[in-house]
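In: kindly return the folded structure for what I paste below:
(chains A and B)
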There are 2 protein chains.
Amino acid sequence: MRNFDESNITEAVRDRVSAAPDPRTRAISDALVRHLHAFVREIEPTFAEWEAAIGFLTQTGHMCDDKRQEFILLSDTLGVSMLVDAINHRMPEGATESTVLGPFFVAAAPELPLGTDISPGIAGEPMFISGRVSDPDGRPIAGAVIDTWHSDDDGYYDVQKLDEHGHFAMRARFRTDADGRFHYRTIKPAAYPIPHDGPVGRMLEAQGRHPWRPAHVHFMIAAPGYETLVTHVFEAGDQYLDSDSVFGVKQSLIREWPRHPAGIAPDGTAVDQPFATLTYDFGLKPAA
Amino acid sequence: MRNFDESNITEAVRDRVSAAPDPRTRAISDALVRHLHAFVREIEPTFAEWEAAIGFLTQTGHMCDDKRQEFILLSDTLGVSMLVDAINHRMPEGATESTVLGPFFVAAAPELPLGTDISPGIAGEPMFISGRVSDPDGRPIAGAVIDTWHSDDDGYYDVQKLDEHGHFAMRARFRTDADGRFHYRTIKPAAYPIPHDGPVGRMLEAQGRHPWRPAHVHFMIAAPGYETLVTHVFEAGDQYLDSDSVFGVKQSLIREWPRHPAGIAPDGTAVDQPFATLTYDFGLKPAA
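Out: Below you'll find the model as predicted:
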């Protein structure tokens, strides 16, 4: 077949990808061609606009390295990450809602004993985090593995300031005790703009949008027989809760992070400055 | 707004990008969100598939450098380049049809006198290319600038084999004479697979497709008062005319490239081996 024009090019490409041996690849390829062509047909890009799109995607790829994932930022800021999350996590009553993974997760953080300070020597208001992991009926899950990570009090993750923080700062793995409980010490993270010195930042600016996310702590919780939960806990009252640049906020994931005067912390230690606490009880969804 | 789920995330992102100050940016952003979300809603990707998509786009970006444009290959192989071309070039009678630019165009090739051999010392069958540039009514266009480029007889462009060919081999600019005519000498290019050692090659393999393009010579022709023409001339009889991996073939762009025994070439010089000729008369569309 030849002589492709507006009237036949889409069917021609669909016909070509119908040769994919794997049925899922075939279905995804067919859908990609249909929706991508529908987008192009609707906007009728000029050649200069097509070149700008090629340039944008190329710059987005060049921005990606082992410390920066610009395509995840693009997926996040276009609401695609939250849509994929929603499709994959239709949650039963009693299971904690999920939200975006974000670009700052690092696999294989060290597992530490319950109660460890994961931010030793890092400036910030002390925060004591604790909670419980259970099934949707409230039965505790012992031995659940909790990956947790968050920003410093300027809004930067360890991987964004390796010179200052090194690897695996403000992040660790914990394991729940026999009652499904966990607790650790850290510092209070801050609201922050997603990295916006690259193509995604330029996109947000062109779209009249700010890059900020409300303050939050990340949790990824895994236990045999349950779906792995990827979620955040946000701070109540944050000014960006209703305009999170990656659409990640859910009401059920917001908690007060109460402030306490200097004194005895929840873990029994003495703290010589005011501190915050964050408590959240997580429910895991049984695996299908 | 918060609590985004499948029922409201698309409208929420559309609402967010509606703040774009530039109307065209606003329209493109809105269409992008609708079509991208429709694609995701249809295929319902797993988290692993979303990660694979992020990885594919990242690898595609990392494959791009000053000698390789993997996102153009992706656009070409998904038929997007031809669709954009068709949308932008609704051609009147008498104007030559356009086709994809491809990833191997290099701006600012040297302008050479008519008749120059643009492939001196490069192995291959000599080919003498000539033609005429006119308006749709057949009136000659003098001083039209012709960018031409093609592969060697193994199917590689200069930029793919810089060590062997150097910059600006098998490519040049010419200017039509007072009768709108041009001619130059080169070697006969070959059919070739598009670069398929990267993400796009893996996509083609997964889709059950071959990466080949039929043999062709590229032309980009510009003249004041006319739309710039980007096109190819293909060789009649090539086995890939009906399965071009980038959907670029049009019947009107196919010509016999006749073979001639050793002897006197069209430019009057003696050639001591068999040679080919390619003749094409181009029509330019008046600018809007």
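
In: how close does residue A:220 get to chain B?
Out: 12 Å (CB to the nearest CB, to the nearest Å). Every residue, glycine included, has its C-beta placed from N, CA and C.

In: now do residue A:85
Out: For residue A:85, the distance to chain B - CB to the nearest CB - is 8 Å.

In: return the helix or strand containing residue A:184 as CSV; C-alpha atoms alone will do.
Out: Per DSSP states H and E: residue A:184 is located in strand A:181-187. Only the C-alpha atoms of strand A:181-187 are listed here, as CSV (Å, rounded to 0.1, in the frame of the first residue of the first chain):
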residue,chain,number,x,y,z
ARG,A,181,2.9,-1.0,64.4
PHE,A,182,5.8,1.1,63.4
HIS,A,183,7.4,4.4,64.5
TYR,A,184,10.5,6.4,63.6
ARG,A,185,12.0,9.9,64.0
THR,A,186,12.8,12.3,61.3
ILE,A,187,12.3,16.0,60.4
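
In: what about residue A:25, which SS state?
Out: When classified by DSSP: H, G, I helix; E, B strand; the rest coil, residue A:25 comes out as helix.

In: so what's it up against?
Out: When contacts are counted by CB atoms under 8 Å, 6 or more residues apart in numbering or on different chains, residue A:25 is found next to B:206, B:207.

In: ok, and the closest non-adjacent residue to residue A:161?
Out: residue A:152 (7.3 Å; CB to CB, 6 or more residues apart in numbering or on different chains).

In: for residue A:69, same thing?
Out: Of all residues not flanking residue A:69 in the chain, residue A:103 sits nearest, at 4.0 Å (CB to CB, 6+ apart).

In: now the one you found: how far from residue A:50?
Out: Here the criterion is CB to CB, to the nearest Å. By it, residue A:103 lies 27 Å from residue A:50.

In: please, which helix or strand holds residue A:16?
Out: Counting by DSSP H and E, residue A:16 is part of helix A:9-17.

In: tell me the buried residues in that helix?
Out: In terms of neighbour count (16 or more other CB atoms under 10 Å in any protein chain shown), helix A:9-17 has its buried residues at A:9, A:10, A:12, A:13, A:14, A:16, A:17.

In: just the CA coordinates of stretch A:66-83, formatted as CSV?
Out: Extracted C-alpha coordinates of stretch A:66-83, given in CSV (Å, rounded to 0.1, in the frame of the first residue of the first chain):
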residue,chain,number,x,y,z
ASP,A,66,19.8,8.7,37.7
LYS,A,67,18.7,11.6,39.8
ARG,A,68,16.0,13.1,37.7
GLN,A,69,13.0,11.5,35.9
GLU,A,70,11.5,14.2,33.7
PHE,A,71,9.0,11.9,31.9
ILE,A,72,7.5,10.9,35.3
LEU,A,73,7.2,14.6,36.1
LEU,A,74,5.4,15.0,32.7
SER,A,75,3.1,12.1,33.4
ASP,A,76,2.5,13.5,36.9
THR,A,77,1.7,17.0,35.8
LEU,A,78,-0.6,15.9,33.0
GLY,A,79,-2.6,13.8,35.5
VAL,A,80,-1.7,10.6,33.8
SER,A,81,0.0,9.1,36.8
MET,A,82,-3.0,9.7,39.0
LEU,A,83,-5.3,8.3,36.3
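
In: how about whichever residue of the stretch 51-200 of chain A sits closest to chain B, what does it touch?
Out: For the stretch 51-200 of chain A, the residue closest to chain B is residue A:61, as judged by CB to the nearest CB, at 0.8 Å. Contact analysis of residue A:61 by CB under 8 Å, 6+ apart lists A:70, A:71, B:57, B:58, B:59, B:60, B:61, B:62, B:63, B:64, B:71.

In: can you tell me the closest non-neighbouring residue to it?
Out: Using CB to CB, 6+ apart, the closest residue to residue A:61 is residue B:61 (0.8 Å).

In: model confidence over the strand holding residue A:184, on average?
Out: Averaged across strand A:181-187, pLDDT comes to 98.

In: can you tell me what sits against that strand?
Out: A:112, A:114-119, A:122-133, A:140, A:146, A:148, A:150, A:152-153, A:170, A:172, A:174-176, A:265-267.

In: hmm, back to that, same for the helix holding residue A:16, what does it pack against?
Out: helix A:23-43, helix B:80-88 (3 or more CB pairs under 8 Å, 6 or more residues apart in numbering or on different chains; DSSP states H and E).

In: pretty sure residue A:2 contacts residue B:241?
Out: Yes: using CB atoms under 8 Å, residue A:2 makes contact with residue B:241 at a distance of 6.0 Å.
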